[in-house]
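In: need the 3D shape of this:
(one chain, ligands or ions: 2)
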Amino acid sequence: MRVLQDFEPTPEQRQIVADNRAGFRIIRGAAGSGKTSTALLQLRLQVAARLRRRQREGASEPVRALVLTFNRTLRGYVEELARKADTGDDSLVLDIFTFGSWSRNLAGVTSVLGRDQTAAMLLPHLADIGVRGQQAFLIDEIEYVLGRYPPDSLDHYLQAKRVGRGTAPRISKVRQRALLEGPIVAYTEEKRNRGLVDWNDLALLASASPPKQRYDIVIVDETQDFSANQMRAVLHHLSQDHSTTFVLDAMQRLYPRFFAWQEVGIKAHRGIVHKLTRNYRNTAAIARFAQPLLAGLPPEDDGAMPDFSACAVEGTPPLVTVGKYSRQIAYMLDRLEAEADLRTETAAVLKARGGGWFDEMRRALRSRGIPYCELTRQSEWPRGDENVGLCTMHSAKGLEFDHVLMPGLSQRVTPHGPEEGDSDLQQLQRMLAMAIGRARKTVMLGYKPGEESTLVNLLDPNTYERVDL
Ligand SMILES: Nc1ncnc2c1ncn2[C@@H]1O[C@H](COP(=O)(O)OP(=O)(O)O)[C@@H](O)[C@H]1O
Ligand SMILES: [Mg+2]
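Out: Ligands and ions are numbered 1, 2, ... in the order given. The predicted structure follows:
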């Protein structure tokens, strides 16, 4: 399956690539503006410049570079382009990791508590705090608190603005305090007593461990998905005259996380912030389709709206198919086979949930003899000839495909609370806009009448063609 390709940078991109000053750099821009590719191009130039300097100075230490992603699929996807910076000898250490495996290696930890295990440990302590049905929200809230503050200043949660968590369900100061003093204390103690480590503990361990290797060049992709503690861990491992680039679009944040730059000790002044404005990936029709999903969300400095005026090609309107699930699949695959050349073009089937939710699609692809691969949580990018990938929307972050198919967008797979400003709904809106934004040429979405996700109602009927099956 195809990965990112080389291209000739535009002037706005060249400015970033050519900027080889030491220190921090932030690349903002909407989906498809070339953030990742530009950062990886810059990596190559920076590595070359540092290697020349190393030779000039006769240094014995290698140049150390680190590329970090949040999810595994993206790691595999960026690896090929990032490896172009590699010299293949011991003058350069080039590490390409997910934050999870990087911090696990540093901390020497093999077994990490999964989110389900954390949830199971927290549940008994939530009974007194939550309104029934809000447990999932409170578990996310706890992840947010633990990820944002260092363990000795968790009470900052009571003062700081809860950016990134929506406005509903409402959480009063009394409940905030109850969360801190009840479940968070109990969970922390239980972990300590049983010698357990969760993902946030890994970040804390990585921030505390004396750095054996300090990195000269660091690129962090999709930085909006990192927690403040994970950021602190990265910053702890930089060399004195490091050059570190954070790539992000807050509009694509999918997890209950937030940090302000100053909170992690970075001054995000104008001189280090670059904004990319063009859209090289999507057609205008696709960007226009995604836009209403983000229109009502709180704006953030690091976020960018899909801008259809920034696209080079108009393209065809996305299709929204309405009918039984099996018919959606049949229709989408008919169209795909008729209109795409799957020897050279790629397609992805994206779903809000993974595993068994793909079974019917797998059967349909097999019966048509269309080769496909699984992309969800794969840390190695598939090298085969299959050009159709099956992927959860979460794992598709940062990837791109010519054609994107999203059958079965039902309320069942996109649950959220009832109130305006609901944090889950906002997260789902960002997720669907991001998923639509993976497409270069066409998008097809489908639902069964009467079972559609709320997200479908947020779309603007003027931006798509409806097909009743
Ligand atoms: N200057 C450019 N000319 C042509 N294609 C480009 C240019 N910059 C980026 N691209 C292409 O646009 C697509 C999106 O790039 P990517 O780096 O994934 O964007 P982002 O990380 O901002 O979502 C990729 O296919 C990339 O090759
Ligand atoms: Mg990217």
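
In: in contact with the residue in the stretch 201-350 of the chain that ligand 2 sits nearest to, which residues are there?
Out: Distances between the stretch 201-350 of the chain and ligand 2 by C-beta to the ion are smallest at Asp221, namely 5.9 Å. Where C-beta positions appear, they are placed from N, C-alpha and C, glycine not excepted. Under the criterion of C-beta atoms under 8 Å, 6 or more residues apart in numbering, the neighbours of Asp221 are 35-36, 39, 67-70, 74, 78, 247, 398.

In: most proximal residue of the stretch 301-450 of the chain with respect to ligand 1?
Out: Using C-beta to the nearest ligand atom, Glu400 is the residue of the stretch 301-450 of the chain that sits closest to ligand 1, at 5.5 Å.

In: so that residue makes contact with Tyr280?
Out: No. In this structure Glu400 lies outside contact range of Tyr280 using C-beta atoms under 8 Å: 9.7 Å.

In: show me the strands in this structure, by range?
Out: Per DSSP state E, the chain has strands spanning 23-29, 63-69, 92-98, 215-220, 238-248, 273-276, 319-322, 347-351, 372-374, 388-392, 401-406, 439-447, 465-468. These are given in chain order.

In: mind listing what's buried in the fourth one?
Out: Read that as strand 215-220. Neighbour counts using 16 or more other C-beta atoms under 10 Å place 215-220 of strand 215-220 among the buried residues.

In: got the contact list for it?
Out: With C-beta under 8 Å, 6+ apart, strand 215-220 has contacts from 39-40, 42-43, 46-47, 50, 63-69, 82, 95, 226, 234, 237-239, 241-247.

In: and Ser172, how many neighbours?
Out: Residues within reach of Ser172, counting by other C-beta atoms under 10 Å, total 8.

In: returning to that earlier point: how close does the residue of the stretch 301-450 of the chain closest to ligand 1 get to Phe246?
Out: Here the distance between Glu400 and Phe246 works out to 20 Å (C-beta to C-beta, to the nearest Å).

In: tell me which of those two has more neighbours.
Out: Between Glu400 and Phe246, counting by other C-beta under 10 Å, Phe246 is the more crowded of the two (28 against 22).

In: hang on, that one packs against Ile26?
Out: Yes. With contacts defined as C-beta under 8 Å, Phe246 counts as touching Ile26 at a distance of 5.1 Å.

In: contact partners for Ile370?
Out: With contact taken as C-beta under 8 Å, 6+ apart, Ile370 is in contact with 333, 337, 342, 388.

In: who wins for neighbours among these?
Out: Counting neighbours by other C-beta under 10 Å, the one among the contacts of Ile370 with the most is Val388, which has 24 neighbours.

In: please name the nearest non-neighbouring residue to it.
Out: With C-beta to C-beta, 6 or more residues apart in numbering as the measure, Tyr372 is the residue that lies nearest to Val388, at 4.1 Å, once sequence neighbours are left out.

In: excluding chain neighbours, give the residue nearest to Tyr165 in space.
Out: If you look again at residue 165, you'll see it is Arg, not Tyr. For Arg165, the nearest residue in space outside its immediate sequence neighbours is Ser423; the separation is 5.0 Å by C-beta to C-beta, 6+ apart.

In: show me where the stretch 251-400 of the chain has helices.
Out: Across the stretch 251-400 of the chain, reading from the start of the chain, the helices by DSSP state H, counting those that start in this stretch fall at 284-295, 325-339, 359-368.

In: indicate which one of the ones you listed is closest to Thr392.
Out: Distance to Thr392, taken as C-beta to C-beta, is lowest for helix 359-368 among those, at 12.5 Å.

In: give me the angle between the closest one and helix 325-339.
Out: For helix 359-368 and helix 325-339, the angle between their directions (axes from the mean of the first three to the mean of the last three C-alpha atoms, to 10 degrees) works out to 40 degrees.

In: which residues touch helix 359-368?
Out: If you take C-beta under 8 Å, 6+ apart as the criterion, helix 359-368 is touched by 325-326, 329-330, 333, 337, 349, 371-372, 388, 390, 407.

In: repeat the analysis, applying 6 Å as the threshold.
Out: Outside helix 359-368, the residues within contact range by C-beta atoms under 6 Å, 6 or more residues apart in numbering are 329, 333, 349, 372.

In: need the contact list for the third one.
Out: With contact taken as C-beta under 6 Å, 6+ apart, Val349 is in contact with 361, 390, 405.

In: tell me the bridge partners for the closest residue in space to Ala65 that isn't next to it in sequence.
Out: Distances taken as C-beta to C-beta, 6+ apart put Ile217 closest to Ala65, at 4.2 Å, once the chain neighbours are dropped. Taking DSSP bridges, one finds Ala65, Ser243 as the beta-bridge partners of Ile217.

In: now the helices of the stretch 251-400 of the chain in a markdown table, with distance to Pro151 and mean pLDDT?
Out: Written out in a markdown table, the entries for the helices of the stretch 251-400 of the chain read as follows (distance: least, C-beta to C-beta, whole Å; pLDDT from 0 to 100):
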| stretch | distance to Pro151 | mean pLDDT |
| --- | --- | --- |
| helix 284-295 | 34 | 96 |
| helix 325-339 | 46 | 98 |
| helix 359-368 | 42 | 98 |
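
In: and this structure, which of its residues are near ligand 2?
Out: Residues of the chain found near ligand 2, taking C-beta under 5 Å from the ion as the criterion, are 36, 398.

In: ok, back up a step: dump the helices of the stretch 251-400 of the chain to JSON lines, plus distance to Asp89.
Out: Formatted as JSON lines, the entries for these read as follows, by distance: least, C-beta to C-beta, whole Å:
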{"stretch": "helix 284-295", "distance to Asp89": "43"}
{"stretch": "helix 325-339", "distance to Asp89": "44"}
{"stretch": "helix 359-368", "distance to Asp89": "43"}
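
In: and for the closest residue to ligand 1 within the stretch 201-350 of the chain, nearest residue in space, chain neighbours not counted?
Out: When distances are taken as C-beta to the nearest ligand atom, the stretch 201-350 of the chain reaches nearest to ligand 1 at Tyr280, 3.2 Å away. Excluding its sequence neighbours, the residue lying closest to Tyr280 (C-beta to C-beta, 6+ apart) is Gly34, at 5.3 Å.

In: what about that neighbour, how many residues nearby?
Out: Burial measure for Gly34: 22 neighbouring residues, criterion other C-beta under 10 Å.

In: shouldn't it be in contact with Arg281?
Out: No. Taking C-beta atoms under 6 Å as the definition, Gly34 is not a contact partner of Arg281, at 8.2 Å.
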